[in-house]
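Novice: build me a model:
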Amino acid sequence: MPKFLYTSFVFLFIFTLAKAQEKEIEPPYNIKTVSFVQNGSNVVPIFELGASFEIQFDDLFGNEANYYFEITHCDYNWKPSDIPKTDYLRGFDGQRITEYINSFNTLQVYSHYKLSFPNQFATQLRLSGNYMLKILNEDKEVVFSRKFILYEDQCTVAAQVKRSRNLSNIDYKQNLDFSIVSNSITFQVPTQNVKVLLFQNGNFNTGIKNIAPQYTIGNQLVYKYDAETQFWGGNEFLYFENKDIRAANNNVGRIGSNNDIYNAYLYTNQARGNQIYTLYQDVNGNFVVKNINGSNNEIEADYAWVYFTLSAPAFRMNKDIYITGMFNNYSLSPEYKMDYNTDKAVFEKAIMIKQGFTNFQYTVADRKGVIDYENAIDGNFYQTENEYTILVYYKENTDRYQRVIGKGNANSINIVN
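Specialist: Down below sits the predicted model:
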């Protein structure tokens with residue numbers, strides 16, 4: 001191969017790698033309870049530009065390992081932006097996380113890590129947009145990564161949840177109608193420069209993208225689609241509570257301690273797809289770490305093996321069932337895949353979870369990780385209370401990156417025909 005062709009090939013290969021889409025990396029077994037925290041509560045990682053927030057996680061090895069962090073600004077499609085790091089980051093990344101403390105009075109030993117923004121390294125994010133936060137080990141290898149999004153308050157998003165207009169799925173789907181208007185930005189070519197991201201219950205996996213405005217009225221962008229902005233309604237999240245880890249609380253059938261840590265055996269869940277809709281009060285997939293006998297939940301809440309059991313005799317065996325929620329970032333990793341017990345004719349799985357109040361759901365996916373929302377274990381109901389988020393991305397013709405200029409929310413508790 002001629003030298004100049006070889007050089008060109010290498011350059012193209014390196015450039016392609018540099019522009020590869022950033023994807024979240026699942027944490028290893030010893031990293032648990034990864035969560036973004038704001039004002040003391042676990043939240044969906046969407047923050048207003050300039051706001052303070054934290055990421056927290058536990059290392060079950062409990063050996064006070066050294067972890068580092070790295071931040072990458074991304075475009076709408078989660079590819080690294082074509083801007084220098086100094087443009088979007090004031091201060092430094094690549095620093096060691098220095099705020100950590102070991103667990104206290106727990107059977108499961110762990111080290112609890114906390115990384116705040118802004119922090120003592122003067123790390124401050126200067127631009128809105130998509131970000132990927134990577135946690136690295138001493139060898140600068142990525143241990144896990146998480147997406148988060150910063151937005152500006154530059155536009156208003158008015159949204160409403162409606163029932164489907166298609167009679168074939170009117171009882172199973174929910175549709176988002178919304179409009180975008182800005183008093184500070186005059187949209188340039190909105191059909192090309194304005195993009196939206198819609199998702200359900202803080203789960204980025206449900207995201208609907210690349211929806212252009214249906215029509216414009218002056219500087220107002222109107223989205224009144226039917227099929228393009230529809231979501232399957234799903235069902236209310238299930239939950240269990242083990243704030244007192246030594247007692248059987250809500251949806252915990254019994255407690256055991258034949259291992260080194262406590263075991264919580266949940267009552268068997270029945271597949272709800274063929275049942276009528278029943279309102280369960282939930283927190284839309286979120287969780288709360290809580291030990292009622294401790295004063296500092298971050299380090300005094302213990303871990304337990306939680307045993308899930310699902311009776312779903314009508315389930316088709318060519319797909320897998322996973323236990324998901326914000327407690328595991330809706331992960332479809334093998335750690336959360338249920339096994340079928342042929343003797344009992346039920347699906348089972350044991351997962352180590354930090355004590356408190358935890359929402360979860362059963363998710364059906366094929367071998368490639370494609371989620372089957374239509375044939376959900378617990379069915380789809382238009383009455384289900386879901387929280388929807390709408391993010392507005394904008395890039396003017398002269399901009400070098402995509403800004404997130406607004407955020408809107410809608411709840412299906414106020415669903416209309």
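
Novice: quick one: the helices in the protein?
Specialist: 3-18, 85-88, 190-193, 297-300 (DSSP state H).

Novice: list the beta-bridge partners for S111.
Specialist: On the basis of DSSP bridges, S111 is bridged to D59, N102.

Novice: my guess is G379 contacts N274. True?
Specialist: Yes - the pair G379 / N274 is scored as a contact, 7.1 Å apart, by Cβ atoms under 8 Å. All C-beta atoms are positioned from the backbone trio N, CA, C, and that covers glycine.

Novice: more neighbours: which of the two?
Specialist: G379 (19 against 8; other Cβ atoms under 10 Å).

Novice: who are the contact partners of the more buried one?
Specialist: 234-235, 272-275 (Cβ atoms under 8 Å, 6 or more residues apart in numbering).

Novice: could you rerun that using 10 Å?
Specialist: 172, 232-235, 271-277 (Cβ atoms under 10 Å, 6 or more residues apart in numbering).

Novice: repeat for G294
Specialist: Counted by Cβ under 10 Å, 6+ apart, G294 has contacts 104-106, 243, 300-302, 355.

Novice: repeat the analysis, applying 8 Å as the threshold.
Specialist: Here G294 is in contact with 105, 300-301 (Cβ under 8 Å, 6+ apart).

Novice: so where's the stretch 301-417 of the chain shaky on pLDDT?
Specialist: Applying pLDDT under 70 to the stretch 301-417 of the chain picks out no residues at all.

Novice: if you rank the contacts of G379 by neighbours, which is first?
Specialist: G233 (27 neighbours).

Novice: settle this for me: it is touching I170, isn't it.
Specialist: No - between G233 and I170 there is no contact under Cβ under 8 Å: 10.5 Å.

Novice: for T191, which non-adjacent residue is spatially closest?
Specialist: A212 (4.8 Å; Cβ to Cβ, 6 or more residues apart in numbering).

Novice: the one you found and R165, how far apart?
Specialist: 19 Å (Cβ to Cβ, to the nearest Å).

Novice: rewinding a little: and the contacts of G379 as JSON lines, adding pLDDT and distance to F308?
Specialist: Below are the contacts of G379 laid out as JSON lines (pLDDT from 0 to 100; distance: Cβ to Cβ, whole Å):
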{"residue": "Y172", "pLDDT": "95", "distance to F308": "25"}
{"residue": "W232", "pLDDT": "96", "distance to F308": "22"}
{"residue": "G233", "pLDDT": "95", "distance to F308": "23"}
{"residue": "G234", "pLDDT": "95", "distance to F308": "18"}
{"residue": "N235", "pLDDT": "96", "distance to F308": "16"}
{"residue": "A271", "pLDDT": "94", "distance to F308": "13"}
{"residue": "R272", "pLDDT": "93", "distance to F308": "15"}
{"residue": "G273", "pLDDT": "90", "distance to F308": "17"}
{"residue": "N274", "pLDDT": "89", "distance to F308": "20"}
{"residue": "Q275", "pLDDT": "92", "distance to F308": "19"}
{"residue": "I276", "pLDDT": "93", "distance to F308": "24"}
{"residue": "Y277", "pLDDT": "93", "distance to F308": "22"}
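
Novice: inside strands: which ones of those?
Specialist: W232 (DSSP state E).

Novice: okay if I get the contacts of G379 as CSV plus distance to Y265?
Specialist: Below are the contacts of G379 laid out as CSV (distance: Cβ to Cβ, whole Å):
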residue, distance to Y265
Y172, 33
W232, 31
G233, 30
G234, 26
N235, 23
A271, 19
R272, 20
G273, 24
N274, 26
Q275, 23
I276, 28
Y277, 27
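
Novice: tell me the one among the contacts of G379 nearest to T191.
Specialist: Nearest to T191 out of the contacts of G379 is W232 (Cβ to Cβ; 27.4 Å).

Novice: what is the burial count for the residue lying closest to that closest one once chain neighbours are set aside?
Specialist: Distance criterion Cβ to Cβ, 6+ apart; nearest residue to W232, sequence neighbours excluded, is Y373 at 4.1 Å. As a burial measure, Y373 scores 18 neighbours (other Cβ under 10 Å).

Novice: for Y373, give me its contacts.
Specialist: Counted by Cβ under 8 Å, 6+ apart, Y373 has contacts 232, 234, 380.

Novice: from I323, how far off is it?
Specialist: Where I323 is concerned, Y373 sits at a distance of 16 Å (Cβ to Cβ).

Novice: and if you look at V222?
Specialist: 39 Å.

Novice: neighbour count for the two, which is higher?
Specialist: Ranked by neighbour count (other Cβ under 10 Å), V222 and I323 place I323 first, with 23 against 16.

Novice: go ahead and confirm that one touches Y336.
Specialist: Yes - when contacts are counted by Cβ under 8 Å, I323 is listed as touching Y336 (5.0 Å).

Novice: between these two, what contacts are shared?
Specialist: 349, 351.

Novice: report the contact partners of I135.
Specialist: Applying Cβ under 8 Å, 6+ apart, the residues near I135 are 57, 67-69, 97, 142-145.

Novice: re earlier: of the contacts of Y373, closest to K395?
Specialist: W232 (30.7 Å).

Novice: beta partners of that closest one?
Specialist: Beta-bridge partners of W232, as defined by DSSP bridges: K173.

Novice: how close does it get to T123?
Specialist: Relative to T123, and taking Cβ to Cβ, W232 is found at 39 Å.

Novice: number of residues surrounding K32?
Specialist: 20.

Novice: ugh, typo on my part, it should be D339
Specialist: D339 has 12 nearby residues by other Cβ under 10 Å.
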